[in-house]
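Visitor: Sequence first, then the predicted structure:
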Amino acid sequence: NAGVTQTPKFQVLKTGQSMTLQCAQDMNHEYMSWYRQDPGMGLRLIHYSVGAGITDQGEVPNGYNVSRSTTEDFPLRLLSAAPSQTSVYFCASSPQGNTIYFGEGSWLTVV
Amino acid sequence: AQSVTQPDIHITVSEGASLELRCNYSYGATPYLFWYVQSPGQGLQLLLKYFSGDTLVQGIKGFEAEFKRSQSSFNLRKPSVHWSDAAEYFCAVGAAPYSGGGADGLTFGKGTHLIIQP
């Protein structure tokens, strides 16, 4: 998954804490998105962006905020973590009209 | 709304045997279809994709898939599996015209866990 970098890879949070999952891509892709993966659920779209300054909600946006100040970066913010947000998070990017490339994932546990 | 169904949660295949993973989709227009593979603790790797043209598409690692519009299916096949093929496999559909990881995102199936017996 060269080109899409997610940090941190692992994180444990306490309920109510805030944190930001970072995502950066160096391929000059217009489109970026965040998915969460839960057992038996596949991947579900949280938020997406079609370019710098433009974001929109996906299937499961509640509890998450995003911003896209640059083409390269698309951070995902949890303002007040809840146990239901325990999941694996994947950032993805793609050029317009082409294949999505995924990062390697961020494992988040909220206790 | 688009949806993807992978009917088999788990499949067990002997090493060297053939494999077929099923995927059915629901979408109102021309779908853009993908198969991804995920090894334990890893991200998703694209195996193959169908955008248009030849309905039999070849992918990496010896995989192929056939798009059948009449059956709304995009099944993944491999003639002879290797122990290293053990992983989770996801079928996904994107809106048409596909606009990438942003504007419409992908809708994923819930995955099929492939187990390889020696």
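Guide: Cool, got the structure.

Visitor: where does chain B dip in pLDDT?
Guide: B:95-104 (pLDDT under 70).

Visitor: please redo it, this time with the cut-off set to 80
Guide: Scanning chain B for pLDDT under 80 picks out B:1, B:28-30, B:52, B:95-105.

Visitor: quick one: the helices in chain B?
Guide: B:100-103 (DSSP state H).

Visitor: Just give me the residue closest to the centre of it.
Guide: Nearest to the mean C-alpha position of chain B, by CA atoms, centre = their mean, lies residue B:35 at 3.0 Å.

Visitor: what sits against that residue?
Guide: Residue B:35 sits next to B:21, B:23, B:46-49, B:59, B:63, B:65, B:74, B:76, B:89-92 when contact means CB atoms under 8 Å, 6 or more residues apart in numbering or on different chains. C-betas here are computed from N, CA, C, even on glycine.

Visitor: and chain A, which residues reach chain B?
Guide: Neighbours of chain B within chain A, by CB under 8 Å from any CB of the partner chain: A:1, A:29-33, A:35, A:40-45, A:48-51, A:58-59, A:90, A:92-105.

Visitor: Pull out the buried members of those.
Guide: Using 16 or more other CB atoms under 10 Å in any protein chain shown as the burial test, those include A:1, A:29-33, A:35, A:42-45, A:48-50, A:58, A:90, A:92-94, A:96, A:98-103, A:105 as buried.

Visitor: quick one: which of those residues sit in strands?
Guide: Cross-referencing those against strands under DSSP state E gives A:31-33, A:35, A:42-45, A:48-50, A:90, A:92-94, A:101-102.

Visitor: where's whichever residue of chain A sits closest to chain B relative to residue B:37, distance?
Guide: At 2.9 Å from chain B, residue A:31 is the closest residue in chain A, using CB to the nearest CB. To residue B:37, residue A:31 is 22 Å away according to CB to CB, to the nearest Å.

Visitor: Span of stretch A:15-32 from start to end?
Guide: 28 Å (CA to CA, to the nearest Å).

Visitor: Tell me how far it lies from the chain's centre.
Guide: Centre-to-centre, stretch A:15-32 and its host chain are 5 Å apart (CA atoms, centre = their mean, to the nearest Å).
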